[in-house]
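**Student:** Following is a predicted model, sequence given first.
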Amino acid sequence: MTKHIFVTGGVASSLGKGLTASSLGRLLKDRGLRVTMQKLDPYINVDPGTMNPFEHGEVFVTDDGGETDLDLGHYERFIDENLTRDSNATTGSIYQYVLAAERRGDYLGKTVQVIPHITDEIKRRIGRLASDDVDVVITEVGGTVGDIEILPFLEAIRQMRLDVGRDNVCYVHVTLVPFIGPSGEQKTKPTQHSVTELRSRGIQPDAIVCRSEFAISPALKQKISRLCDVPVKGVVNAADAASLYEIPLVLHDEGLDAVVCEILGLDAAPDLTEWRAVVDRVAAATRPVRVGIIGKYVSLPDAYLSVVEALNHGGFHHGAEVDVEWIQAEDVEGLLAAGRLRDLDGIVVPGGFGERGIEGKVSAAGFAREHDIPCLGLCLGMQVMTIEYARNVLGMPAANSTEFDPRTPYPVIDIMESQRGVTEMGGTMRLGAYYAELREGSLVRRAYGRAVVSERHRHRYEFNPNYRSKFEESGFRCSGTSPDGRLVEFVELDDHPFWVGTQAHPEFKSRPDRPAPLFRELVGAAVRRAEGRNPHLIALDEPEREPAER
């Protein structure tokens, strides 16, 4: 029978529940267990697709087109499994389903209540991940114990122990042990109160993960054990680590996976060889390289979380430590005047929506093109690269996307025909994984090492095929298209060390031991620039053939 692990948090948000859950998932997978993961979010939005990136961070997209919480990115990067939209559920989506069922008459006129109807739907969402192909489902409950929004979720996971059996459920609670400077002490009181609140909801944690700035003493573990009624071996310390990829090893050394396996009756020995190799590769990445991210939401780095991690993965591959320079798109013109962008070794123009900052992104793409700075455009980034080239090379000074200028005489980027007339915010887009065929001899074909690739998308606007021949006559290559040839998926320049755009979001599929090919090659080109070589005289190293996706 499938086992369930529920990860909750207390005291404060952003303690690292997602990374704790991801790390535990990796440790169990390295014991040979089949693991999948899920995030339950208490907010009332149906999904994060229309939420402000300044509030929520990035929207992580799954292969099947789910717009999900950014923690799913951590899950995928750690357990190396492609998740689905079923791995994220919100209060909004749960109530939406229950209300639709009530309107259909599914409840036969009964009074619809939080218990049992909402809690039953939460349990159904958890249960549909359990299958014969899964040994363990790890479910992270968003928010913190004590939040009013979280109560139905806590009740549902409490009931799960009754539904599936005591030996098939483990509760892991992540809490804070702060250091109080004036007293010079680490304090357990926040942990005590958090566990008391959790127990008041009928859940006794089996293990407590204590987040702290510094390691906590055995005496503090003993104190927490006694006051929270958890065996001392179940009190695990997760002190701050130099790299997030070290966290699984920290938790393993603290015995978390052993405790969880004992509680769930799982008998499987760990083999951490592969993950230790990842951590060693991270530690060995010391060659400095500066990459600028030209974005609209740079004041909240979580808005570009997967982009940053994909850059880091490319750095690990090349033994480089990527120093990300956050550049507000609206400030680009001033930075260009001051010569600031010339000092960068590489540039990423990421995705986004809306007109603000577009001209700055266009200018950055043009500067990278003219000064041989390696540049990667993602989704909207590819579109602004196209706009810049049309304006400054093809003699179309008013070229634009109809998203920003519906009356442009040169709509080099235009809405998909099938989406004309769609007015719903966050309405139908090209979402999820789509295949592309890569042109023989192209840079992207060499980077991927194969002719057909699959990447995830999230957009409504496309390269306008009416202008394709004019672009390609000038050295601007449409190097990857949809299998039917209608949609342009990748573009590149013939005479540039690395100026590549993709309509997709390859950052979502990057892994620490298997970097996204375009990020790997961008960082490689940036390293060569950083080392003072002339990029025009150096061909890209022939990349290792991309292994089959797991």
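**Tutor:** Arrived safely, thanks for sending. Numbers count the residues shown, from 1 in each chain.
**Student:** Might you report the residue contacts of the residue most central in space within the chain?
**Tutor:** For the chain, the residue nearest the mean C-alpha position is residue 73 (3.1 Å; Cα atoms, centre = their mean). By Cβ atoms under 8 Å, 6 or more residues apart in numbering, the residues touching residue 73 are 58, 60, 305-306, 309, 508. In this view, the C-beta of every residue, glycine as well, is placed from N, C-alpha and C.
**Student:** got the CA positions of the strand or helix carrying it in PDB?
**Tutor:** Assessed by DSSP states H and E, residue 73 sits inside helix 71-79. In PDB, the C-alpha atoms belonging to helix 71-79 read as follows (Å, rounded to 0.1, in the frame of the first residue of the first chain):
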ATOM      1  CA  ASP A  71       7.800  24.500  -5.000                       C
ATOM      2  CA  LEU A  72       7.000  21.900  -7.700                       C
ATOM      3  CA  GLY A  73      10.200  23.100  -9.400                       C
ATOM      4  CA  HIS A  74      12.200  22.100  -6.300                       C
ATOM      5  CA  TYR A  75      10.400  18.800  -6.200                       C
ATOM      6  CA  GLU A  76      11.200  18.000  -9.800                       C
ATOM      7  CA  ARG A  77      14.800  19.100  -9.500                       C
ATOM      8  CA  PHE A  78      15.400  17.000  -6.400                       C
ATOM      9  CA  ILE A  79      13.500  13.800  -7.200                       C
END
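**Student:** Can you name the next helix or strand after it?
**Tutor:** Downstream of helix 71-79, the next assigned helix or strand under DSSP H and E is strand 88-90.
**Student:** Show me what the next helix or strand after that following strand packs onto, helices and strands only.
**Tutor:** Sequence order places helix 91-104 as the next helix or strand after strand 88-90, per DSSP H and E. For helix 91-104, the packing partners by 3 or more Cβ pairs under 8 Å, 6 or more residues apart in numbering; DSSP states H and E come out as helix 119-127.
**Student:** Could you check the angle the helix it packs on makes with helix 91-104?
**Tutor:** Calculated by axes from the mean of the first three to the mean of the last three Cα atoms, to 10 degrees, helix 119-127 forms an angle of 120 degrees with helix 91-104.
**Student:** CA-only coordinates of helix 119-127 in CSV, if you can.
**Tutor:** As requested, the backbone C-alpha atoms of helix 119-127 are provided in CSV (Å, rounded to 0.1, in the frame of the first residue of the first chain):
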residue,chain,number,x,y,z
THR,A,119,-12.1,17.6,3.6
ASP,A,120,-13.2,14.7,1.5
GLU,A,121,-12.2,16.5,-1.7
ILE,A,122,-8.8,17.3,-0.2
LYS,A,123,-8.3,13.7,0.6
ARG,A,124,-9.4,12.7,-2.9
ARG,A,125,-6.7,15.0,-4.3
ILE,A,126,-4.1,13.4,-2.1
GLY,A,127,-5.4,9.9,-2.9
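**Student:** What are the buried residues along that helix?
**Tutor:** 119, 121-123, 125-126 (16 or more other Cβ atoms under 10 Å).
**Student:** Which member of those is positioned nearest residue 475?
**Tutor:** residue 125 (50.9 Å; Cβ to Cβ).
**Student:** Quick check: bridge partners of the closest residue to the closest one other than its chain neighbours?
**Tutor:** Excluding the flanking residues, the one nearest residue 125 by Cβ to Cβ, 6 or more residues apart in numbering is residue 89, at 4.4 Å. Beta bridges link residue 89 to residue 40, judged by DSSP bridges.
**Student:** Test my guess that residue 89 contacts residue 45.
**Tutor:** No: between residue 89 and residue 45 there is no contact under Cβ atoms under 8 Å: 11.7 Å.
**Student:** more neighbours, the two?
**Tutor:** More crowded of residue 89 and residue 45, by other Cβ atoms under 10 Å: residue 89, with 26 against 15.
**Student:** Can you read off the backbone torsions of the closest residue to residue 302 other than its chain neighbours?
**Tutor:** Among residues not flanking residue 302 along the chain, residue 57 sits closest, at 3.3 Å (Cβ to Cβ, 6+ apart). Main-chain dihedrals, residue 57, degrees, to the nearest 10: phi 80, psi -160.
**Student:** Local confidence estimate at residue 57?
**Tutor:** Listed pLDDT for residue 57 reads 88.
**Student:** That one touches residue 70, doesn't it?
**Tutor:** Yes: at 4.8 Å, residue 57 counts as touching residue 70 under the criterion of Cβ under 8 Å.
**Student:** Mind listing the shared neighbours of the two?
**Tutor:** The contact lists of residue 57 and residue 70 share 302, 305, where a contact means Cβ under 8 Å, 6+ apart.
**Student:** More neighbours: which of those two?
**Tutor:** The neighbour comparison of residue 57 against residue 70 (other Cβ under 10 Å) goes to residue 57, with 22 against 19.
**Student:** For that one, give me its contacts.
**Tutor:** Contacts of residue 57 (Cβ under 8 Å, 6+ apart): 70, 300, 302-303, 305.
**Student:** Same list (those) but as a markdown table, adding pLDDT and secondary structure.
**Tutor:** Shown next, in a markdown table, are those (pLDDT from 0 to 100; DSSP: H, G, I helix; E, B strand; the rest coil):
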| residue | pLDDT | secondary structure |
| --- | --- | --- |
| 70 | 94 | coil |
| 300 | 88 | coil |
| 302 | 91 | helix |
| 303 | 93 | helix |
| 305 | 96 | helix |
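**Student:** Check these against residue 503 and report the nearest one.
**Tutor:** Closest to residue 503, out of all of these and judged by Cβ to Cβ, is residue 303, at 19.6 Å.
**Student:** so residue 197 sits right up against residue 11, yeah?
**Tutor:** No: judged on Cβ under 8 Å, residue 197 makes no contact with residue 11 at a distance of 9.6 Å.
**Student:** Compare neighbour counts for these two and give me the winner.
**Tutor:** residue 11 (20 against 16).
**Student:** Next, that one: secondary structure please.
**Tutor:** coil (DSSP: H, G, I helix; E, B strand; the rest coil).
**Student:** Give me the phi and psi for it.
**Tutor:** Note on residue 11: backbone dihedrals following degrees, to the nearest 10 are phi 80, psi -60.
**Student:** check contacts around it.
**Tutor:** Residue 11 neighbours (Cβ under 8 Å, 6+ apart): 144, 175-176, 190-191, 193-194.
**Student:** Only the C-alpha atoms, please, for stretch 455-470, written as CSV.
**Tutor:** C-alpha atoms of stretch 455-470 as CSV (Å, rounded to 0.1, in the frame of the first residue of the first chain):
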residue,chain,number,x,y,z
GLU,A,455,10.0,21.7,-23.9
ARG,A,456,7.3,23.4,-21.8
HIS,A,457,5.5,26.5,-22.9
ARG,A,458,3.4,29.3,-21.4
HIS,A,459,2.3,32.0,-23.8
ARG,A,460,-0.3,33.2,-26.3
TYR,A,461,1.9,35.2,-28.8
GLU,A,462,4.1,33.7,-31.5
PHE,A,463,6.6,34.5,-34.2
ASN,A,464,4.6,35.8,-37.2
PRO,A,465,5.2,33.3,-40.0
ASN,A,466,4.5,36.0,-42.6
TYR,A,467,7.9,37.5,-41.9
ARG,A,468,9.9,34.3,-41.7
SER,A,469,11.4,34.4,-45.2
LYS,A,470,12.5,38.0,-44.7
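**Student:** That's all I had, so thanks and see you.
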